[in-house]
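K.L.:
A predicted structure for the sequence below; I have some questions about it.
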Amino acid sequence: MQRSSLIMSVIVGLLVLGGLGLVLTQAPQGAAQTPAPLVTYPDFPPTPTVGPNPTAPAGLASNNLLFQSDFADASALAAWQFVDQTYVLPDLAAAWEVNNGRLVQVGSGAARNPSSNEAAALVGDAAWQDYTIRTSFYDEYNGVVGLIARYQGTEPTQSSYYRVRLYSTEHQVSPKVVLEKVVDGVATTMAESKTTSFSPRAWHTLALSVQGANVQVQLDDQMLVTAQDTNPLPNGRAGLFTYAIGGIFFDDVRVTAP
């Protein structure tokens, strides 16, 4: 009987030692075991960043320069008047800021919510007559960019000016380019293009020229549309245009006389 008890004790001891050895080989003493993940996510590429913008052509730095801004810091905002071209409540006005040396449209209101309201940034002298406004721009997700020339008026919904609007290749709208004359807030199309557009998430240059009755638009130094106005607007300020959606950057704004 004592011999049987001894044999059982030896067997139990061997089983305990075996189990302890198995535990020690699976997890080192003092190390916590990490459970296998329930879901494995794929590796995503890094979020794209806004690269360097194109260098302004040397020809723009001339004695005929009426205005320029590189948006080096927030003090550059003092030269601009920001207006909504459609009526909005004051607390829902389009918001603009300078970020990393660029003028950025950042949505509307204090909450920076995206809005389909038309937004403009005006600059210059109401006496300007013949000139070209040129800017570099980078569309992250907005989809709409434009320029303004010969802007006259103090009430945005009743003002007069020339404006070009471009829609990106990802924007589901046609035509892609619209050059229009706005008189007392009412727009009339002067020229359009249904095929030419710009690709988002890349830097481009856009220029709007007014000389006498002639109005021209260039994208990346290539002519887009031209028009001749039989009753041209005589003079006015220049400006940038977009929607208050956010996600669009402007830089290297130049206004030059011919």
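P.N.:
That came through, no problem. Numbering: from 1, shown residues only.
K.L.:
shouldn't Leu241 be within a strand?
P.N.:
Let me fix one detail, which is that residue 241 is Phe and not Leu. Yes. The assignment for Phe241 is a strand, going by DSSP: H, G, I helix; E, B strand; the rest coil.
K.L.:
skipping adjacent residues, who's closest to it in space?
P.N.:
Excluding its sequence neighbours, the residue lying closest to Phe241 (Cβ to Cβ, 6 or more residues apart in numbering) is Gly146, at 3.4 Å. Placement of C-beta: from N, CA and C, glycine included.
K.L.:
what does the model give that neighbour for pLDDT?
P.N.:
Gly146 carries a pLDDT value of 98.
K.L.:
now it: which helix or strand?
P.N.:
Assignment of secondary structure by DSSP states H and E places Gly146 within strand 144-152.
K.L.:
between the helix or strand that that strand is followed by and strand 144-152, how many degrees?
P.N.:
Elements were assigned by DSSP H and E; along the chain past strand 144-152, the next helix or strand is strand 160-167. With axes from the mean of the first three to the mean of the last three Cα atoms, to 10 degrees applied, the angle from strand 160-167 to strand 144-152 works out at 170 degrees.
K.L.:
following strand 160-167 in sequence, what is the next regular element?
P.N.:
Per DSSP H and E, the first helix or strand lying C-terminal to strand 160-167 is strand 177-183.
K.L.:
buried stuff in that following strand?
P.N.:
Within strand 177-183, the residues that qualify as buried are Val177, Val178, Leu179, Glu180, Lys181, Val182, counting by 16 or more other Cβ atoms under 10 Å.
K.L.:
ok, of those residues, which one's closest to Ile133?
P.N.:
Sorting these by how near they are to Ile133, with Cβ to Cβ, puts Leu179 at the top with 13.6 Å.
K.L.:
might you report the residue contacts of the residue lying closest to the closest one once chain neighbours are set aside?
P.N.:
For Leu179, the nearest residue in space outside its immediate sequence neighbours is Ala191; the separation is 4.4 Å by Cβ to Cβ, 6+ apart. By Cβ atoms under 8 Å, 6 or more residues apart in numbering, the contact list for Ala191 reads Leu179, Val225, Thr226, Ala227.
K.L.:
among the residues you listed, which lie within helices?
P.N.:
Secondary structure from DSSP state H places none of those in helices.
K.L.:
from those residues, which two are the most distant?
P.N.:
The two members of those with the most space between them (Cβ to Cβ) are Leu179 and Thr226, at 8.2 Å.
K.L.:
quickly list what's touching both of the two.
P.N.:
Counting by Cβ under 8 Å, 6+ apart, the contacts common to Leu179 and Thr226 are Ala191, Val215, Val217.
K.L.:
can you redo the residues you listed as JSON lines with secondary structure?
P.N.:
Rendered in JSON lines, the data for the shared contacts of Leu179 and Thr226 read as follows (three-state DSSP):
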{"residue": "Ala191", "secondary structure": "strand"}
{"residue": "Val215", "secondary structure": "strand"}
{"residue": "Val217", "secondary structure": "strand"}
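K.L.:
would you convert those residues into CSV that also reports distance to Trp80?
P.N.:
CSV is the format used below for the shared contacts of Leu179 and Thr226 (distance: Cβ to Cβ, whole Å):
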residue, distance to Trp80
Ala191, 27
Val215, 23
Val217, 22
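K.L.:
and which of these is nearest to Asp139?
P.N.:
Taking Cβ to Cβ as the measure, Asp139 lies nearest Val217 of the shared contacts of Leu179 and Thr226, at 16.5 Å.
K.L.:
how much space between that closest one and Val104?
P.N.:
23 Å (Cβ to Cβ, to the nearest Å).
K.L.:
okay, the two: which has more neighbours?
P.N.:
Per other Cβ atoms under 10 Å, whichever of Val217 and Val104 has more neighbours is Val217, with 25 against 21.
K.L.:
wait, the more buried one sits on Tyr162?
P.N.:
No. Val217 sits out of contact with Tyr162 when judged by Cβ atoms under 8 Å, with a separation of 9.7 Å.
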